[in-house]
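Novice: With the input below, show me the fold.
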Amino acid sequence: MATDAQPSAAAKPGLRKPVFVKVDSLKPGTYGHTLTAKVLEANDVVQKGGSGSGAVNPARQSRIAECLIGDETGTVLFTARNDQAWNVNTSVDCEAQFDFSFNFFCLPVDLMKPGATIILRNSKIDMFKGSMRLAVDKWGRVEVTEPGSFEVKEDNNLSLVEYELVNVADE
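Specialist: Numbers count the residues shown, from 1 in each chain. Have a look, this model is predicted:
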């Protein structure tokens with residue numbers, strides 16, 4: 001017995017608009033943050049070979065970089081990993097006669113150049129040795145955007161604040 005497909009009364013909801021937050025509003029254990037920030041520093045902290053076969057394959061190397069990023073409200077350390085990769089879409093305008101766009105494969109570690117302005121989508125706060133680190137997992141995204149017009153407030157580094165987990169006993 002076949003049934004006719006009926007249009008549902010409730011239409012599919014559209015995509016939510018991203019809500020951009022500022023660095024000073026980040027709290028431990030939170031996730032889903034979208035923010036625009038400038039890269040101040042980028043340091044490779046771990047670079048390991050691949051499967052231990054003796055030959056180092058650059059495609060299998062694990063790279064982690066700690067980057068100090070910030071906006072007009074403060075700074076925070078961002079952990080960029082090369083196991084998160086995206087196709088980056090870039091639009092190019094050549095002398096105002098030709099406009100074309102192209103996709104290329106890029107790793108977040110390679111995007112983190114001092115002075116670059118980035119957009120982090122669906123980022124989360126990880127705790128490392130009691131301090132906050134911003135990170136992007138497989139559900140997040142890192143994009144390079146046009147240079148921002150804001151000055152970074154470097155004297156408010158949220159990663160320097162040390163947190164301690166305290167369990168409250170029920171009485």
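
Novice: pretty sure D126 is touching T79, no?
Specialist: Yes: judged on Cβ atoms under 8 Å, D126 makes contact with T79 at a distance of 7.0 Å. Using the backbone N, CA and C atoms, a C-beta is placed for each residue, glycine as well.

Novice: Look up the residues that both of those two are in contact with.
Specialist: R133, L134, A135 (Cβ atoms under 8 Å, 6 or more residues apart in numbering).

Novice: got the contact list for the first one?
Specialist: Yep, that's R133 we're talking about. If a contact means Cβ under 8 Å, 6+ apart, then R133 has E66, V76, L77, F78, T79, I125, D126, M127, S159 as its contacts.

Novice: how near is it to E66?
Specialist: As for R133, its distance to E66 is 8 Å (criterion: Cβ to Cβ, to the nearest Å).

Novice: Find residues that contact each of the two.
Specialist: L77, F78, T79.

Novice: Turn the residues you listed into TSV, including distance to L26 and secondary structure.
Specialist: Written out in TSV, the entries for the shared contacts of R133 and E66 read as follows (distance: Cβ to Cβ, whole Å; DSSP: H, G, I helix; E, B strand; the rest coil):
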residue	distance to L26	secondary structure
L77	11	strand
F78	11	strand
T79	14	strand
